[in-house]
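Chemist: 3D model of this:
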Amino acid sequence: MKRSIVRQVVMQLLYERLLGGDGGDVSIDMVYSTINDRNGKKPPGKERQFVYELINGVTLHQNNIDALIGHFSVDWPLERMARVDLSILRLCVYEMHITKSVPAAVAINEAVELANTFSEPDAGRFINGILGSIHRMNGSKA
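Modeler: This next block holds a predicted model:
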């Protein structure tokens, strides 16, 4: 299973939810099938399960995640952030701070790559700065 593909799907579904969509099965299939020329393929069971685990985890811990992001996004409240950037930040903070299932350096790199692909030109630096601060707060080593 390629986690970068799953992260891309999750980020897009989190974004969809921010815009009022449901981010459910139909959306998972549609987003997944368009990534890396999957030619209409649906995600295998394990990848679909991982997508749901990440989405549900971010949703369950969203208040704590948002508090962390808000603490380190000085002079830039969450309400003013680009929705894509907020979706990327939430996913990465969940993985590196809540579940600690991914080394921080990997999670941050993936987040910056998502920002460089889906957001504004300066978004990668913005996201890297916030995530780096959160990582340093934990006193962890990547």
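
Chemist: Tell me the gap between the helix or strand of the chain with the lowest mean pLDDT and the middle of its chain.
Modeler: The helix or strand of the chain with the poorest confidence is helix 25-34; it has a mean of 77 (mean pLDDT, DSSP states H and E). Distance, stretch centre to chain centre, for helix 25-34: 16 Å (CA atoms, centre = their mean, to the nearest Å).

Chemist: Next, the angle helix 25-34 makes with the helix or strand just after it.
Modeler: Per DSSP states H and E, the first helix or strand lying C-terminal to helix 25-34 is helix 45-60. If you take axes from the mean of the first three to the mean of the last three CA atoms, to 10 degrees, helix 45-60 sits at 120 degrees to helix 25-34.

Chemist: can you pull the buried residues of helix 45-60?
Modeler: 47, 48, 50, 51, 52, 54, 55, 57, 58 (16 or more other CB atoms under 10 Å). To be clear about C-beta, it is placed using only N, CA and C from the backbone, and glycine gets the same treatment.

Chemist: tell me what it is packed against?
Modeler: Applying 3 or more CB pairs under 8 Å, 6 or more residues apart in numbering; DSSP states H and E, we find helix 45-60 packed against helix 3-18, helix 25-34, helix 83-93.

Chemist: let's go with 7 Å and repeat that
Modeler: helix 3-18, helix 83-93 (3 or more CB pairs under 7 Å, 6 or more residues apart in numbering; DSSP states H and E).

Chemist: residues in contact with that helix?
Modeler: By CB atoms under 7 Å, 6 or more residues apart in numbering, the list of residues contacting helix 45-60 from outside reads 1, 6, 9-10, 13-14, 23, 28, 43, 65, 90-91, 94, 98-99.

Chemist: This completes my enquiry, with thanks.
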